[in-house]
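J.: sequence plus predicted model, see below.
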Amino acid sequence: IIHDLLQPVQQQMRGQGQQSAQGPTEPMIRAKDAGFLLLRHASEADRRELANELLSWIMTDLNSRALAGQYTAEQVVQAIGAQAGDALEQGINGNEDTVRVMNNIAQLINTVGTDSSKDAAARRLAAVCDELAGPAATPRMRQPAERMLRQAGGAAGAIDAGRIDRAAERLRDGLISIMHQALSTQHRPAGTEYFVRLAGQASAPIERRRGALSAIQGHVSRENAPALLAIATTAGPGADVELRGLAVDRIGESQNTAILPQLWTLFDTTSGGEANNEYMLRWKVGEAILKLGGSGIIPTFVQHVSAARAMPRGTPPFEGYTFREINGYAVAIGDFTPVPRDAIRALLANPSVHVKAMALLFLGTKGAASDAARIEALQADATPVPGPGWSAEQLTTLGTVARRARESLRRALTPTAPARPGAAGAASAAGAPSA
């Protein structure tokens, strides 16, 4: 009986001549819902045929058909299963209407697709991104751009070509943005490779390049590190410090310790201060080194922080590390497990004022009760702390840093009272970190 119903249901779903400007007609929608109900009872061969018909119906115009009828596109796709992932992947293209619902398509593939179909979808999405960004897509962008300008302004005559070009570029940017959002939800190697490649393209808009590196946060691999390093080490006129910093951030997530020698070089030769935010790049490099090396790299890290910095001829001398970066290193080390308290305590005897400051800031938040005396011993130290940002924090000497750390430690060790009905500020039995 079900087999005999397939042909009339399929014919009604296709609805020759029934498609309206607003989407599928009611008879077409009812036939789709009937096909969905038949799906679970059909034989294997009939199920495959009906599944293909349902997917074709949905993909004809996902925008108007996703929520049409009693059963949504998501319900249909979930009922079909992995077969739907392959069909959805084949439906990925650069057509404007398809691109506008690409996030929905990507989500559906993530829901039911196999690893193979997800990888294929990521490759296809990347290929469409390249296609949209390429010169071959420009004429295709100009046609709808001109149409939108006419609709918006009611123009009947000729429209300035430059105006059309600008509108076409805005359209292109919008479509590429949607594609990037869809691709970033896949979290597949092909997507990461595409975004890294895009970030390295000097001809691409800088915001697009920065967005590419932000899109792959937490999803880079060891294999991506060399290409990211090439971006991070691109210096000179026109080099974007923010882009380089984002590349360093991703390197820190790559778990590729083989890249450490190049990072040391970058750390040692990035000697700028707050001008152009160059210290931000050095700070990010330092944190990437700490993330990759873990507790075992602290002694080497301290050596590099303590080393004298050779400045290029004609440039001012090194001002000193900024408060934000030294504090950032202290926070990064504090995230290590187990917390390396003994290694940091030993740094209080280091001759470098910045290393001592880092140790104090660390112990102020991660220290134990036994560290109070160590910190207090430095509260009278009048050694200046050079570098931008310290005076703004009222931390001009090592002693002021020690006093700040002592107060921070006191707060960290003060038990927090649990809330009790009718009582305020009740004491807690919570203990301090062990030494």
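T.: Nice, thanks for sending it over.
J.: please count neighbours and contacts with C-alpha atoms only from this point.
T.: Noted.
J.: pLDDT weak spots in the stretch 201-350 of the chain?
T.: Within the stretch 201-350 of the chain, the stretches with pLDDT under 70 are 314.
J.: can you tell me the helix or strand for the closest residue to residue 232 other than its chain neighbours?
T.: Take residue 232 and drop its neighbours on the chain: the residue closest to it by Cα to Cα, 6 or more residues apart in numbering is residue 244, 4.2 Å away. If you go by DSSP states H and E, residue 244 is part of helix 241-252.
J.: buried residues in the helix or strand following that helix?
T.: Proceeding N to C from helix 241-252, the next assigned helix or strand is helix 260-269, under DSSP H and E. Within helix 260-269, the residues scored as buried using 16 or more other Cα atoms under 10 Å are 260, 263-264, 266-268.
J.: and stretch 323-338, by the same measure?
T.: Buried, per 16+ other Cα under 10 Å, within stretch 323-338: 323-334.
J.: does residue 73 touch residue 66 like I think?
T.: Yes - Residue 73 lies in contact with residue 66 (Cα atoms under 8 Å); the separation is 4.7 Å.
J.: between those two, what contacts are shared?
T.: Residues touching both residue 73 and residue 66 (Cα atoms under 8 Å, 6 or more residues apart in numbering): residue 58.
J.: between these two, which one's more packed in?
T.: residue 73 (23 against 19; other Cα atoms under 10 Å).
J.: pull the contacting residues for the nearest residue to residue 352 once chain neighbours are set aside.
T.: Of all residues not flanking residue 352 in the chain, residue 306 sits nearest, at 5.6 Å (Cα to Cα, 6+ apart). Shown in contact with residue 306 (Cα under 8 Å, 6+ apart): 352, 354-355.
J.: same question for residue 47.
T.: Contacts of residue 47 (Cα under 8 Å, 6+ apart): 39-40.
J.: try residue 128
T.: Applying Cα under 8 Å, 6+ apart to residue 128 gives the contacts 93-94, 179.
J.: by neighbour count, which of these wins?
T.: Most crowded among the contacts of residue 128, counting by other Cα under 10 Å, is residue 179 at 23 neighbours.
J.: measure it to residue 122 for me?
T.: 10 Å (Cα to Cα, to the nearest Å).
J.: same question, residue 44
T.: In terms of Cα to Cα, residue 44 sits 29 Å off from residue 122.
J.: neighbour count: the two, which is higher?
T.: Legend: neighbour count by other Cα under 10 Å for residue 44 and residue 122, higher for residue 122 (27 against 11).
J.: please, where are all the helices along the stretch 251-400 of the chain?
T.: 260-269, 278-293, 298-306, 323-334, 341-345, 353-366, 371-376, 398-413 (DSSP state H, counting those that start in this stretch).
J.: please identify the most buried of those helices.
T.: Ranked by mean neighbour count, these are led by helix 353-366 with a mean of 25 (mean count of other Cα atoms under 10 Å).
J.: could you check the angle that one makes with helix 398-413?
T.: For helix 353-366 against helix 398-413, the angle by axes from the mean of the first three to the mean of the last three Cα atoms, to 10 degrees is 20 degrees.
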